[in-house]
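Trainee: Kindly return the folded structure for what I paste below:
(3 chains)
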Amino acid sequence: MLEKALTGNKGYLLWIAFLLIVVGTGFSSYLKQLSTGLGITGMSRDVSWGLYIGQFTFLVGVAASAVMLVLPYYLHNYKVFGKITILGEFLAVASVTMCLSFIIADLGQPARAFNVLLYATPQSVLFWDMVVLNGYLFLNIVIGWTVLGAESRGAPPPSWVKPLIYLSIPWAISIHTVTAFLYAGLPGRGFWLTAIMAPRFLGSAFASGPALLILFCMFLRKFTKFDAGWTAIQSLAKIVAYAMVISVFFFLCEIFTVYYSQIPEHIYHFTYLLSGLHGHSALTPWMWACMIMGITATVLMIIPATRNSEQVLPIGCALVFFSLWIEKGISLVLVGFIPSPLETLTEYVPTLREISITLGVWGLGFLILTILYKVAITVRLTEGPQTVEH
Amino acid sequence: MYNAGKIIVGILIFLVLVSVPFWYNRGKAAAPPKLEVGTTEKQCVESTPYMKASHMKLLDQWRDDVVRNGKRIYISSTGKQYEMSLQNTCVKCHAKKTQFCDRCHDYVEVSPVCWDCHIAPKENSGPKE
Amino acid sequence: MDSTRRHFLKIAGLSVLGLGARPLIDAIADVGQPKVEPNPNALVGKRWAMIVDQKKCLKAKEGCKDCVLACHRVHNVPDMPNPKQAVKWIWQAPFEEVFPEVGNVYMAEYMKDSLKGLPLMLLCNHCDNPPCVRVCPTKATFRRDDGIVMMDFHRCIGCRYCMAACPFGARSLNWLDPRPFIKTELNMEFPTRTRGVVEKCNFCDERLAKGLIPACVEACKDKALVFGDVLDPNSEVRALLRQHPSTRRKQHLGTQPQVYYIL
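Mentor: All right, here's what the predicted structure looks like:
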């Protein structure tokens, strides 16, 4: 089926070429990082995780959004999603590949990455993160490819796919939960030491992922013959609306706990984020942009008129996506380190090479996504818009 | 066969390329390296055949014993005691890395990463790049 | 293929035999395991700890860094030009950074002049309940039975989870290759590290193995650093803890640090 990705119209081929250039540039920067060391990034002794881990954190959420399509369709027979579960599963494949690539890019000694398997340490959350991420990648590749392959032959999928699909539902929940546990169990980082870290991850995942899916569906509706159906898009939009409300609520819960208890270890991080601390406020404009975009997006998604509008819905979804990208992809990881446990303040600015590598990984993700989506919609459009019988 | 012409030509080109190492080096035998052991000691920590085959295995075992188990004295099969250290024991005898260690390693295209951290004896100062 | 039960049992039996062949061959071929032992001169303790006696460390204000220089020289610690990428095993910091939750605005009134503005020494606390060990995915950092939290530089993958987990900021990654930046004379008996590997104070375990006390303790002319076995009731560290009130950094986090400060 992969041969379907090799042909396309001029726009498609230009897009692939552009992505290959982005990936190639990022890769050459990565080679420089391999030979020189992580010192070419903006990370420091105090802020020891930066853009790479931040992007990984955000993308884990996007990856789990597949479950928002699979759960209603397979567990509750919500047939409207039948056409687009494959899009969710392939988005998960692209996202988890990006997650794993960001983790590899962040390692100081990537050649030794196999040590995590050789010297398995079940007490370390990072070990379990590796397990669940790779497992989820494997699940979605197998499920997506098998179901699509069956469709392309006009046959129902084999029966062994069903248990895998059911497994992928709790597994999706587990990838957020374990990633949140990476942060939520560390005693010295007051910004992360909150019980609702995992729920926050779930909330932002189910907002950002489906929002991206809506944007993809609307793009495909406009530029290809693949129409997901306005009902499906509206259902997704309702999910995004509720998830955004929950995410905003969780954030306000954090604000209340921190500012009402006034504990310095916790409050300093929020002060740095929202208004700057000791003259340092590099992240403040980002955070305010995030909050303004987030509130606007929530309002747009809640009001039926704007949610139902073909012009405003994509704006709302883009605002959701970028607002959560700033919150999880930038502010969450960095602010955990600022101020440091010694209450000193070291700020973080990514270097050009670091950004190049980051863009390279995003390019890789979009490349995988483009190829998989091209295969999926070509199969759908040529074999007829069948839904999977179950 | 579809495209028979292109395929057969492709197979022939492939066969030529894959056998390059053989016909490019015809007539020249690369001699096995001669090692300057660097010492007049007759016996290494273990016997020479064992060291030739398994020195890396021994070093890995030493690494884990010293760093992870806190044991630093090795009692070899001859009964002699040695401190388990690449940097302090092995190079005491094999002091000229380029004439001993590197000769075989270069011949078989092996680049052990030990010397990124363990300091090579002064004759060859600087990290192995 | 003949798929009777009998056939299956035959294949299964052969497989089990095959599985057992390797261990058997290994056992027969085993020439006799060479033995390894600890160094007979090694210092032995049940629970190593250190005391930082601030009352004795008075020359730090004048710029005395003997302990830092000794440690960094013995362990080939680089002097990185960019302070953001510094590698520190033992270092100094002002009181507000070492004990951010202690201290009040009236301290200057009751502090002796000699102690005002005096920086304190910081190092890895070799906690009894170390969060860094809990999070390491490869056990590259691990806690020894004698209490030392060790680094296995060979195994570290540079994920920096331990750096995030340490509540005391005691760990440093080698962001670049450290060798060009080692400003002191190379100690040929100790390796350097390479880029991408995390390092920190190791309580000089290679010196303890030879019967020597840690380099920083030895270097301090005022004997402000004391090292010993805190579980030994006759040790100097226990004696000091008996005589003076002491505190530790961030005790409320429950990591049970083993570096005690006498203020």
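Trainee: The spatially most central residue of chain A: which element?
Mentor: Chain A has residue A:59 as the residue nearest its centroid, 2.2 Å off, counting by Cα atoms, centre = their mean. Assessed by DSSP states H and E, residue A:59 sits inside helix A:51-64.
Trainee: Does at least one residue of that helix sit close to chain C?
Mentor: No. Applying Cβ under 8 Å from any Cβ of the partner chain, one finds helix A:51-64 separated from chain C by no less than 8.6 Å. Where you see a C-beta, it was placed from the backbone N, CA and C, and this is true even at glycine.
Trainee: Alpha carbons only: can I get the following helix or strand past that helix in PDB?
Mentor: Downstream of helix A:51-64, the first helix or strand assigned by DSSP H and E is helix A:66-70. Only the C-alpha atoms of helix A:66-70 are listed here, as PDB (Å, rounded to 0.1, in the frame of the first residue of the first chain):
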ATOM      1  CA  ALA A  66      -6.500   8.600  18.700                       C
ATOM      2  CA  VAL A  67      -8.400   7.100  21.600                       C
ATOM      3  CA  MET A  68     -10.900   9.900  21.300                       C
ATOM      4  CA  LEU A  69     -12.000   8.400  18.000                       C
ATOM      5  CA  VAL A  70     -11.400   4.700  18.800                       C
END
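Trainee: got the contact list for helix A:66-70?
Mentor: A:81, A:84-85, A:87-89, A:91-92, A:140, A:165, A:168-169, A:172-173, A:206, A:209-210, A:213, A:236, A:239 (Cβ atoms under 8 Å, 6 or more residues apart in numbering or on different chains).
Trainee: ok, for residue B:116, nearest residue in space, not its chain neighbours?
Mentor: residue C:194 (4.0 Å; Cβ to Cβ, 6 or more residues apart in numbering or on different chains).
Trainee: now residue A:71
Mentor: Nearest to residue A:71 is residue A:169, by Cβ to Cβ, 6+ apart, at 5.5 Å.
Trainee: any idea which helix or strand carries that neighbour?
Mentor: With DSSP H and E as the test, residue A:169 turns up in helix A:161-184.
Trainee: Could you check that helix and say which residues are buried?
Mentor: By neighbour count on 16 or more other Cβ atoms under 10 Å in any protein chain shown, the buried set for helix A:161-184 is A:161, A:164-165, A:168, A:171-184.
Trainee: Nearest residue to the middle of chain C?
Mentor: So for chain C, Cα atoms, centre = their mean, it's residue C:202, sitting 3.2 Å from the centre.
Trainee: just checking, it touches residue C:150?
Mentor: Yes. Residue C:202 is within contact range of residue C:150, at 6.0 Å (criterion: Cβ atoms under 8 Å).
Trainee: what's the neighbour count on residue B:49?
Mentor: Neighbours of residue B:49 under the rule other Cβ atoms under 10 Å in any protein chain shown: 8.
Trainee: again with residue A:345
Mentor: Around residue A:345 there are 18 residues (other Cβ under 10 Å).
Trainee: Same check on the one 4 residues further on?
Mentor: Taking other Cβ under 10 Å as the neighbour definition, residue A:349 ends up with a count of 11.
Trainee: Can you pull the phi/psi pair for the closest residue to it other than its chain neighbours?
Mentor: Among residues not flanking residue A:349 along the chain, residue A:42 sits closest, at 4.9 Å (Cβ to Cβ, 6+ apart). Torsion angles at residue A:42 (phi, psi; degrees, to the nearest 10) stand at phi -90, psi 10.
Trainee: any idea how far residue A:42 is from chain B?
Mentor: Residue A:42 sits 25 Å away from chain B when distances are taken as Cβ to the nearest Cβ, to the nearest Å.
Trainee: Could I get the contacting residues of that residue?
Mentor: A:50-51, A:348-351, A:354.
Trainee: Now residue 12: which helix or strand?
Mentor: You didn't pick a chain, so chain A it is. helix A:10-36.
Trainee: try chain C instead
Mentor: Short version, using DSSP H and E: residue C:12 is in helix C:5-29.
Trainee: per-residue confidence averaged over that helix?
Mentor: Average pLDDT, helix C:5-29: 81.
Trainee: What residues sit buried inside it?
Mentor: Buried, per 16+ other Cβ under 10 Å, within helix C:5-29: nothing.
Trainee: Now look at that helix and say if it contacts chain B.
Mentor: No. Counting by Cβ under 8 Å from any Cβ, chain B is not contacted by helix C:5-29; separation bottoms out at 12.3 Å.
Trainee: How about stretch C:174-189?
Mentor: Yes. Stretch C:174-189 lies within reach of chain B by Cβ under 8 Å from any Cβ, at C:177, C:179, C:186, C:188-189.
Trainee: List only buried entries from the residues you listed.
Mentor: Buried among the residues of stretch C:174-189 next to chain B (16+ other Cβ under 10 Å): C:177, C:179.
Trainee: for the residues of stretch C:174-189 next to chain B, which one is nearest residue B:26?
Mentor: residue C:177 (41.6 Å; Cβ to Cβ).
Trainee: Verify the stated contact: that closest one with residue C:194.
Mentor: Yes. The criterion here is Cβ under 8 Å, and residue C:177 meets it with residue C:194 at 6.5 Å.
Trainee: Contact partners for the residue in the stretch 1-150 of chain C that chain A sits nearest to?
Mentor: Nearest residue of the stretch 1-150 of chain C to chain A: residue C:84, at 3.4 Å (Cβ to the nearest Cβ). Taking Cβ under 8 Å, 6+ apart, we find residue C:84 in contact with A:44-46, A:346.
Trainee: can you rerun that using 6 Å?
Mentor: By Cβ atoms under 6 Å, 6 or more residues apart in numbering or on different chains, the contact set of residue C:84 is residue A:44.
Trainee: coming back round to it: mind giving me the packing neighbours of the helix holding residue A:59?
Mentor: helix A:85-106, helix A:161-184, helix A:197-223, helix A:333-336, helix A:352-383 (3 or more Cβ pairs under 6 Å, 6 or more residues apart in numbering or on different chains; DSSP states H and E).
Trainee: So which elements touch the last one?
Mentor: For helix A:352-383, the packing partners by 3+ Cβ pairs under 6 Å, 6+ apart come out as helix A:10-36, helix A:51-64, helix A:85-106, helix A:125-152.
Trainee: what's the offset of the last one from the middle of its chain?
Mentor: Averaged C-alpha coordinates place helix A:125-152 at 15 Å from its chain's average position (Cα atoms, centre = their mean, to the nearest Å).
Trainee: Can you pull up the residues of the stretch 251-390 of chain A that come close to chain B?
Mentor: By the rule Cβ under 6 Å from any Cβ of the partner chain, no part of the stretch 251-390 of chain A lies against chain B.
Trainee: could you pull out the helices for the stretch 251-390 of chain A?
Mentor: A:264-274, A:284-302, A:304-307, A:312-326, A:333-336, A:352-383 (DSSP state H, counting those that start in this stretch).
Trainee: What residues does chain C have near chain A?
Mentor: C:84-86, C:97, C:100, C:131, C:134-139, C:155, C:157-161, C:163-165, C:167, C:169, C:172, C:175-176, C:195-196, C:253.
Trainee: one more time with 7 Å
Mentor: Contact residues, chain C versus chain A (Cβ under 7 Å from any Cβ of the partner chain): C:84-86, C:93, C:97, C:100, C:131, C:134-139, C:155-161, C:163-169, C:172-173, C:175-177, C:195-197, C:253, C:255.
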